[in-house]
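>>> Let's see this in three dimensions:
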Amino acid sequence: MTRVRTVLAMRTRQGCAEQFEAEWLSVAEEIRTLDGCLHQDLVRDADDPHNYLIISDWADRERLDAFGRSEHRDRLLRVVRDLRESAQRHTYHVLHSVDSGSGGAR
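Predicted coordinates for the structure are as follows:
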């Protein structure tokens, strides 16, 4: 099975950035315990503090899809839906990863 990565680009509404970050962190703490969830990042655009990427790695597409049908995903959407202006999600197969230092290629 192939590891997958989702990238959700999101723009928050004016005045909602701090609440969005706090809410995301709360939900991410629950999601990280789900079978197949390997890693999650919330990153903010260095030039526009209302633009974010939510990046998550999953062991395989099947477990990502199971998350997509879960109450955790529904809760996350409820939390962020009112705080965002827009969102766009893409899913990718991770083909290669190269770590810095002594980690080498995986």
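>>> Show me the contact partners of stretch 87-101.
2-11, 57, 61, 64, 80, 104-106 (C-beta atoms under 8 Å, 6 or more residues apart in numbering). To be clear about C-beta, it is placed using only N, CA and C from the backbone, and glycine gets the same treatment.
>>> Tell me the buried residues within those residues.
Among those, those buried by neighbour count (16 or more other C-beta atoms under 10 Å) are Arg3, Val4, Arg5, Thr6, Leu8, Met10, Arg11, Asp57, Arg61, Leu64, Val80.
>>> Look up how far Leu53 lies from the third one.
Between Arg5 and Leu53 the distance, using C-beta to C-beta, to the nearest Å, works out to 11 Å.
>>> which other residues reach the least confident helix or strand in the chain by mean pLDDT?
Among the helical and strand segments of the chain, the one scoring lowest on mean pLDDT, DSSP states H and E is helix 71-81, with a mean of 80. For helix 71-81, contacts defined as C-beta under 8 Å, 6+ apart pick out Met10, Phe20, Glu23, Trp24, Ser26, Val27, Glu30, Ile31, Leu34, Phe67, Ala87.
>>> That's all I had, so thanks and see you.
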